[in-house]
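**Q** Next come a sequence and a model predicted from it.
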Amino acid sequence: MGVIHIIPISEPERKSVIENIILTGHCVMVLGRIDTGKSTFCRQLAFCAKAKGLKVAIIDSDIGQSWIGPPTTVAMKIYNNESDMTLFPDDFYFVGSVTPERHLIQTVVGAKRMVESAELANADLIIIDTTGLVDRPIGRALKQSKIDLIKPDQIVCFQRERELESLIGGSELDFCQIHRLVPSKYAERKSQDYRYRYRNQQFAQYFSDDVVYAFPFSQLKGQRDCFLNGSKATSKELENISTILDTEVIYAEFFCRGLFLITTRELSWTEKQKLCSQLRIDDLTVRVCDCYKNMLVALINSKGDSLCLGLIEFIDFNNYILSIKCKKEIAESAKVIQFSDFRIDNI
């Protein structure tokens, strides 16, 4: 499992910021571009705060290069020591992507949910690590939304040439102290290839002890997708839809003025319009039969808590069975499946 390695604090300014946060802070958010040493600072701060007797929660919202929890998640862990098994956090929220750019809402919600989880655990100090997406309107919107929702009382900003002032200037208010630091000389630049290999290693390790579990459709409700939320079509209804489309429809669910389909091929716009017109529906979702294969999902219990990630191996639409690689010991507790558009093909 991953080990938190602590790099000695050599810069006096960094040491001063850490001491200040330990004395006065409760919730600290760490910002900066990629490869500026954000995660290293979080580890140093956690180590020093723990040594002072504080109960420390670390929230890793760097969904692409996670060091707490698997990639695609925002995760929280109560920091105990350097040998923490960081792939398996105390709590996590599934974003379903390794980049926040098309998943801003999930990324922000995940960070807020993990702060709430840390508060429930009575953490004295909450440390939030973040992605390197801070530039352009999308980066500023993401970080500003996190700041607005979480309202940290401390922000640590790593910048080389005041490049983040347009982001943090408006947050320098009475309730929030901003610390500006230069990136550490120890910060390493990581190539795209390194990041890709790191993610694959994390996923391979996470799923290494998992088994394929057969979930009946009736056990699960779907989130982030229409699937598993409607009324299953009868054989006669499937036959009727297949006739209209002149193609085989394997599975279908009806919902309010809508229809979810599994077919053997992609449908054209004209075919979709024809089906909507004849069935008098406004909302049509069409999936090809193998589109869920190797899809990364999250399993949720009846309380809405995340149990584990899963990997869809196969869906039997005739017998209504989902075969998912996951943690067998908690599979029976799953009541909800959160779908994504992220796939893993090489585990």
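**A** Arrived safely, thanks for sending.
**Q** pLDDT of the longest helix that the chain contains, averaged?
**A** Taking DSSP state H as the criterion, the chain has its longest helix at helix 104-120. For helix 104-120, the mean per-residue pLDDT is 98.
**Q** Now do it: everything it contacts.
**A** 27, 57, 59, 61, 63, 73-76, 78, 90-97, 100, 126, 128, 131, 138, 141-142, 145-146, 149-150 (C-beta atoms under 8 Å, 6 or more residues apart in numbering). All C-beta atoms are positioned from the backbone trio N, CA, C, and that covers glycine.
**Q** go with 7 Å
**A** Here helix 104-120 makes contact (C-beta atoms under 7 Å, 6 or more residues apart in numbering) with 27, 57, 59, 61, 63, 74-76, 91, 93, 95-96, 100, 126, 128, 141-142, 145-146, 149-150.
**Q** How far off centre is the helix or strand following it?
**A** As assigned by DSSP states H and E, the chain's next helix or strand after helix 104-120 is strand 125-129. Mean-position distance between strand 125-129 and its chain equals 17 Å (C-alpha atoms, centre = their mean, to the nearest Å).
**Q** ok, V286 to L259 distance?
**A** 9 Å (C-beta to C-beta, to the nearest Å).
**Q** Those two: which has the busier surroundings?
**A** Taking neighbours as other C-beta atoms under 10 Å, V286 and L259 compare with L259 leading, 23 against 19.
**Q** so that one touches Y251, yeah?
**A** No. The criterion here is C-beta atoms under 7 Å, and L259 misses it with Y251 at 11.2 Å.
**Q** Next, count neighbours for the residue nearest to K55 when sequence neighbours are not counted.
**A** Distances taken as C-beta to C-beta, 6 or more residues apart in numbering put D124 closest to K55, at 4.7 Å, once the chain neighbours are dropped. Residues within reach of D124, counting by other C-beta under 10 Å, total 16.
**Q** Please tell me I have it right and D124 contacts K52.
**A** No. The criterion here is C-beta under 7 Å, and D124 misses it with K52 at 9.4 Å.
**Q** In this structure L309 contacts L296, no?
**A** Yes. The pair L309 / L296 is scored as a contact, 6.3 Å apart, by C-beta under 7 Å.
**Q** Name the residue in these two with the higher neighbour count.
**A** Taking other C-beta under 10 Å, L309 and L296 do not tie; L309 has more neighbours (28 against 25).
**Q** What pairs with the strand or helix carrying that one, parallel or antiparallel?
**A** Under the criterion of DSSP H and E, L309 resides in strand 306-316. Strand pairing for strand 306-316, determined by DSSP bridges: strand 296-300 (antiparallel), strand 321-326 (antiparallel).
**Q** In terms of secondary structure, what does the next helix or strand along the chain from the longest one contact?
**A** Right, strand 321-326. Following strand 321-326 in sequence order, the next helix or strand is helix 328-331 (DSSP H and E). Taking 3 or more C-beta pairs under 7 Å, 6 or more residues apart in numbering; DSSP states H and E as contact, the helices and strands that helix 328-331 lies on are strand 211-216.
**Q** mind redoing it with 10 Å?
**A** strand 211-216, strand 306-316 (3 or more C-beta pairs under 10 Å, 6 or more residues apart in numbering; DSSP states H and E).
**Q** How about residues contacting stretch 184-201?
**A** 2, 7-11, 14, 32, 34-41, 44, 64-67, 70-72, 98, 158, 344-347 (C-beta atoms under 10 Å, 6 or more residues apart in numbering).
**Q** Got the domain ranges for the chain?
**A** Following automatic domain parsing, one finds the domains of the chain at 12-206, 210-347.
**Q** Buried deepest among the ones you listed, which one?
**A** Counting by mean count of other C-beta atoms under 10 Å, domain 12-206 has the highest mean neighbour count of the domains of the chain, with a mean of 19.
**Q** Now do it: distance to the chain's middle.
**A** Taking mean C-alpha positions (C-alpha atoms, centre = their mean), domain 12-206 and its chain are 14 Å apart.
**Q** Same question for stretch 340-347.
**A** Counting by C-alpha atoms, centre = their mean, stretch 340-347 comes out at 14 Å from the chain centroid.
**Q** show me where pLDDT drops low in the chain?
**A** For the chain, the stretches with pLDDT under 70 are 1-10, 82-85.
**Q** who touches the residue of it most remote from its centre in this structure?
**A** Residue farthest from the centre of the chain, counting by C-alpha atoms, centre = their mean, is T243 at 40.6 Å. T243 sits next to V249 when contact means C-beta under 10 Å, 6+ apart.
**Q** how about the helices in this structure?
**A** 12-24, 38-51, 104-120, 136-150, 165-168, 192-206, 235-245, 269-279, 328-331.
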